[in-house]
Structure formats: C-alpha cells, structure tokens
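In: pasting the sequence and the predicted model now:
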Amino acid sequence: MTAVLLGLGSNLNRHANIRAALDALQEHFGPLRVSRVFESEAVGVRAENYFNLVVALNSPLPLRALSAWLKSLEDSVGRERGQRRCEQPLDIDILCFGDSVGFFDGIQIPRAEILKNAFVLRPLAELVPDWLHPEEQTCFADLWRAYSSEQKLWPVAFEWEGRSISSADADDPCQASGD
C-alpha cells in the first residue's frame with residue numbers, strides 16, 4: 001500500500017461531481033481522509049469558480065494504474081479531454097505518491113502545483129500538516145505559513161455521507177497562533 005494525496009477540483013455541477021468522486025474513491029480504496037472544501041477563482045482561464053479539496057488514501061495500485069483509474073473516474077462524470085476547457089466536471093491530480101520524487105510514466109511526483117496554488121497547498125496544510133513535501137523536505141503546514149500569493153479561496157459548506165466535511169464559517173486550523 002502506498003500513501004497517496006489527491007487534489008480534486010470541479011467547476012461544473014460541483015457538489016454532485018465531488019460527492020460522486022468521493023463515493024467512488026472510498027468504494028475502491030476504503031476509508032478516506034478529506035480536507036475542507038474550498039471555493040476559489042479559476043487560475044489561468046476565465047471560468048466559473050472551482051471547488052477544491054485534498055484526499056488522503058492508501059492505494060494498492062502502482063502509479064500508472066492509479067492514474068488510469070482516476071482518469072476513468074473523471075471521464076465517468078463527463079470530463080472531456082483535449083484542449084484546455086473552462087468547465088471541468090472533475091479534475092483529479094495525484095499530488096504525492098508515497099515519498100516518490102521524479103517523473104514516472106509521464107507523471108511528475110510530487111506535483112508542482114502544490115507549491116504554486118493556494119487551493120492545493122492550504123487543504124494539504126490542513127489535512128496533513130506534518131507530512132513532508134517529498135522534494136522540499138518541509139512540512140505542508142510550514143509551506144502554507146510561508147506561502148504568499150494573490151489567489152483567493154474560502155471554505156464552503158459541504159456535506160458528504162450525511163455529515164459536514166466543510167463549514168463556511170470554520171476557523172482556519174493552519175492559522176498561526178496570535179494572528
């Protein structure tokens with residue numbers, strides 16, 4: 001089993017597609033750890049706002065098979081491949097695959113977006129604050145505290161399996177004390 005961190009995003013039928021992805025991931029891989037859900041402005045394209053979150057799971061699949069399985073999950077909710085689209089029903093990125101570093105089967109691990117995008121780093125810092133970025137060898141909580149960007153994101157209310165996994169008015173567990 002390999003510990004895996006996934007980034008999930010959707011800006012089309014967001015609630016339903018994120019729930020469908022979580023259901024499928026849990027059915028296939030077992031219990032999940034799930035961050036709060038954040039809404040963020042689209043980065044690099046003019047598009048509707050995204051919902052983003054991070055999921056931690058253990059996978060028996062090698063990286064290539066996991067990537068193929070995730071692509072098929074994206075396709076199952078209507079993802080169209082090809083040119084960069086403004087609307088994405090579901091986007092799932094493998095952020096970390098154990099402590100692997102490098103390019104494997106065309107996949108960069110850890111994913112570079114971890115250090116570039118608030119909508120990836122903030123949920124990572126909340127879900128697995130003490131997990132070390134495999135390349136930087138710095139924990140995600142410290143990387144988030146040092147992060148600086150104009151990107152805007154905010155937690156949104158979100159329910160899955162009849163329970164709240166995210167609240168719009170919850171405090172930021174990564175905020176430094178005394179701030």
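Out: Received, thanks.
In: outside of the helix or strand bottoming out on mean pLDDT in the chain, which residues touch it?
Out: Ranked by mean pLDDT, DSSP states H and E, the weakest helix or strand in the chain is strand 163-166, scoring a mean of 82. With Cβ atoms under 8 Å, 6 or more residues apart in numbering as the test, strand 163-166 has contacts from 34, 35, 36, 37, 38, 53, 155, 156, 157, 158, 159. No exception for glycine: its C-beta is placed from N, CA and C like everyone else's.
In: rerun that using 10 Å as the cut-off
Out: Residues outside strand 163-166 that contact it (Cβ atoms under 10 Å, 6 or more residues apart in numbering): 18, 22, 32, 34-39, 51, 53, 123, 155-160, 170.
In: which element follows the lengthiest helix in the chain toward the C-terminus?
Out: Scanning the chain for the longest helix, with DSSP state H as the assignment, gives helix 14-29. Sequence-wise, the next helix or strand downstream of helix 14-29 (DSSP states H and E) is strand 33-34.
In: following that following strand, which helix or strand comes up?
Out: strand 38-40.
In: check contacts around residue 1.
Out: Here residue 1 is in contact with 29, 30, 57, 58, 59, 60, 61, 98 (Cβ under 10 Å, 6+ apart).
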